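1. compute the structure for the input listed below.
(chains A, B, C and D)
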Protein chains: 2
Amino acid sequence: MFGMDEKMINPVYLQIVEELKRKINSGSLKPGDAVASESALSREYGASRMTVRKGLAILAKDGYIYSIPGKGSFVQKPELNKYTIYYDEMKNSINTVDRSRLLEVNIIMPDEKLAGELQITRNKNVIVIRRLFFTEGKPIAYDLKYLPYSKGMPIVEEELEQATFPEMVSGSVSSFSLKKELTIYAQPPDEEIRRHLKIHDDLALLVIEQRIHNEENKPIGFCVTYFRGDYIKLKGRSE
Amino acid sequence: MFGMDEKMINPVYLQIVEELKRKINSGSLKPGDAVASESALSREYGASRMTVRKGLAILAKDGYIYSIPGKGSFVQKPELNKYTIYYDEMKNSINTVDRSRLLEVNIIMPDEKLAGELQITRNKNVIVIRRLFFTEGKPIAYDLKYLPYSKGMPIVEEELEQATFPEMVSGSVSSFSLKKELTIYAQPPDEEIRRHLKIHDDLALLVIEQRIHNEENKPIGFCVTYFRGDYIKLKGRSE
DNA sequence: CAGTGGTCTAGACCACAGC
DNA sequence: CTGTGGTCTAGACCACTGC
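-> The predicted structure follows:
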């Protein structure tokens, strides 16, 4: 048998994946078209149905096809607008924060807007953390975080200087179950931020809001970071 | 047998997935810990190994675990910084473009920067498309696209007014194989953009660059869109 | 060497589509 | 009714790890 080498280099289910991807990418199978049935593919490749299904499962996971029980598998319409972005307030594609200064750690009562944001009443306590981020001695971002105060929150100032938002929160909860949201927009700096970031000339801010919710969708943190527009670029990629 | 209802509502492999997710989320299994071996899980659940493997495959796809042949399966360290973003130059979470004006469709020779961007020589032709996006009669974005001119590019002005960047490109190639990149940053408007967008007061721009490559990593399109900062918000979410 | 995950088979029963 | 995908089994051989 020379089948062994073949199998280890390219298992049958991957051959199926590749051939079907080829057909889809070349346009010989178009979105909406039915893929050959599992039993047909099974005959065609001389493979068992489970092996065929393993290949189809991969194509489904990668967004190429979807299956309807009782009907068949069909070519998916590709997601043209989907991107993956890795965001870390301390590090982005043109800059890394090399120093951070803690401006304030405090416990406050939230105003109406913040109480709404954190879905709590205005008589609950909220931890505020205000930081400045520096690159080569230059202040490049102003960072504001709000966490509803609860039980034993381990506030260690040492850690706060360097911690990322998800890191702060993930001490208490396992971070697999966290739901995180980003909001990205641009605005001119107001007076307070001009002062903090020592901005004198014309400059735009990139503002990034982070919201973290737990499994039950209760907010457990809200964060706004104001970046000098010339010190941050976010990168996203498809697939 | 009362097992039938159970199976259809919650197949065995999903029970395994849920129980292991629970253990991971509750912290009783921590990142780096070994998951019980396939044969052990097989005994524990009274299921065949293939069924157990189906469950583990789902946990692996969702980023909970990874497997090392010959060693075992281990709990993955969660990706704290990963977000998914859906970007469409015509529609974002606070605004939708309701009209688009074609300013220019042209064929030019690229300058050095553009030639580099598109990885072509400066004597090759490039299609330029300049558009203005409107919301309720207000110009809210200035959009610039560059496509290397090749073979039969179907340039239909009608379509150009409404088409999204991936849509323009995906006519010729199947869009499954396209690699797309986003770059996001903020900057103040220059004179040209102030004129186009009729900006007179203090305002920041959100700039979004799109790069589209084919399977072989050859650039097939470059696009820059300058949004009024008060008319765009991008949203991203984890998972 | 025994234990692990990776691949694969040849069956089985099920629920569901569509004729 | 036949054909489809969804679930599941009880085996098998392989390559790899670590003792």
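2. so which helix or strand takes in A:E192?
-> helix A:191-196 (DSSP states H and E).
3. what is that helix packed up against?
-> strand A:138-148 (3 or more C-beta pairs under 8 Å, 6 or more residues apart in numbering or on different chains; DSSP states H and E). C-beta: built from backbone N, CA, C; applies to glycine.
4. send me the strand it packs on as PDB with only the CA atoms.
-> Output of strand A:138-148 as PDB, limited to C-alpha atoms (Å, rounded to 0.1, in the frame of the first residue of the first chain):
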ATOM      1  CA  LYS A 138       4.800  61.800  25.700                       C
ATOM      2  CA  PRO A 139       1.300  61.500  26.900                       C
ATOM      3  CA  ILE A 140      -0.600  59.800  24.100                       C
ATOM      4  CA  ALA A 141      -3.800  58.500  25.700                       C
ATOM      5  CA  TYR A 142      -6.200  59.300  28.500                       C
ATOM      6  CA  ASP A 143      -8.000  56.400  30.000                       C
ATOM      7  CA  LEU A 144     -11.100  56.200  32.100                       C
ATOM      8  CA  LYS A 145     -12.500  53.100  33.600                       C
ATOM      9  CA  TYR A 146     -15.600  52.400  35.800                       C
ATOM     10  CA  LEU A 147     -16.300  49.200  37.600                       C
ATOM     11  CA  PRO A 148     -19.400  48.600  39.800                       C
END
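5. tell me which other helices or strands that strand touches.
-> Taking 3+ C-beta pairs under 8 Å, 6+ apart as the contact cut, strand A:138-148 packs with helix A:112-118, strand A:126-135, helix A:165-169, helix A:191-196, strand A:219-228.
6. any part of the regular element (helix or strand) spanning A:V52 near DNA strand D?
-> Assigned by DSSP H and E, A:V52 belongs to helix A:49-61. Yes. Helix A:49-61 reaches DNA strand D (C-beta under 7 Å from any atom of the strand) through A:49-50, A:53, A:56.
7. would you mind checking the residues you listed for buried ones?
-> Neighbour counting over the residues of helix A:49-61 next to DNA strand D (16 or more other C-beta atoms under 10 Å in any protein chain shown) leaves A:53, A:56 as the buried ones.
8. which one of the residues of helix A:49-61 next to DNA strand D is nearest DNA strand C?
-> Taking C-beta to the nearest atom of the strand as the measure, DNA strand C lies nearest A:M50 of those, at 3.5 Å.
9. residue contacts, that closest one?
-> B:M50 (C-beta atoms under 8 Å, 6 or more residues apart in numbering or on different chains).
10. quick one: pLDDT of it?
-> Looking at A:M50, its pLDDT reads 98.
11. same check, this time on A:P166
-> pLDDT for A:P166: 82.
12. surely it touches A:K180?
-> Yes. Shown here, A:P166 and A:K180 form a contact pair, counting by C-beta atoms under 8 Å, at 6.7 Å.
13. okay, and the common contacts of the two?
-> Taking C-beta under 8 Å, 6+ apart as the criterion, A:P166 and A:K180 both touch A:I212.
14. follow-up on the earlier one: any idea of the angle the helix holding A:V52 forms with helix B:49-61?
-> Relative orientation of helix A:49-61 versus helix B:49-61 (axes from the mean of the first three to the mean of the last three C-alpha atoms, to 10 degrees): 10 degrees.
15. ok, the nearest residue to A:E239 once chain neighbours are set aside - how many residues close by?
-> Excluding the flanking residues, the one nearest A:E239 by C-beta to C-beta, 6 or more residues apart in numbering or on different chains is B:K179, at 6.7 Å. A count of neighbours around B:K179, defined by other C-beta atoms under 10 Å in any protein chain shown, yields 16.
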